[in-house]
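Q: I'll drop the sequence and a predicted model, then ask my questions.
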Amino acid sequence: MTLIDITAGGFRFAARLEEELAPVTCARFLAMQPYDEKLIHVRWSGEGCWIPMGDTPYDLPWENATRHPAPGQFIFYPGGYSETEILLAYGGVAFASKLGPLAGNHFLTIVEGQQQLPALGRKVLWEGAQAISFRPRA
């Protein structure tokens, strides 16, 4: 089991890569490590935060795809109909864009610190973009 340490908005989390359910997506994400970005609040999807990754599509198969990630689940949308992104659900999410419903690959699940997710979501919503960093646990 591969764990990723995450720091976001002053909060600390640990997450498990879903390597059995989304092996290609997990391998691609691991290749991006260490990864530092900004986390902003979603516009259409509900109680979630996302990392915009631009218009460059990622060549990923659909694996473990969902429109409704549970709190603490990250999904990777590889691009196509909407901008490429990584989304973190902190509450109820119905993943969508201005073009309508989308699905993304659930590849990462928070296993430590999940109780902090609502506070992180409120901070991103009311204070704006927050730094987020991902590091594989040694």
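A: Looks like it came in fine. Because the structure is a prediction, the values reported are computed rather than measured. Numbers count the residues shown, from 1 in each chain.
Q: Does Asp36 lie in a helix or a strand, and which?
A: strand 35-41 (DSSP states H and E).
Q: Buried ones in that strand, by neighbour count?
A: Of the residues in strand 35-41, those buried under the neighbour-count criterion (16 or more other CB atoms under 10 Å) are 35, 37, 39-41. Placement of C-beta: from N, CA and C, glycine included.
Q: again with stretch 93-106
A: Within stretch 93-106, the residues that qualify as buried are 93, 95-97, 102, 104-106, counting by 16+ other CB under 10 Å.
Q: can you put the residues you listed in JSON lines and add distance to Arg28 and pLDDT?
A: Listed next are the buried residues of stretch 93-106 as JSON lines, based on distance: CB to CB, whole Å; pLDDT from 0 to 100:
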{"residue": "Val93", "distance to Arg28": "22", "pLDDT": "96"}
{"residue": "Phe95", "distance to Arg28": "19", "pLDDT": "95"}
{"residue": "Ala96", "distance to Arg28": "23", "pLDDT": "92"}
{"residue": "Ser97", "distance to Arg28": "21", "pLDDT": "90"}
{"residue": "Leu102", "distance to Arg28": "18", "pLDDT": "94"}
{"residue": "Gly104", "distance to Arg28": "13", "pLDDT": "97"}
{"residue": "Asn105", "distance to Arg28": "10", "pLDDT": "98"}
{"residue": "His106", "distance to Arg28": "14", "pLDDT": "98"}
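Q: Cool, thanks, talk later.
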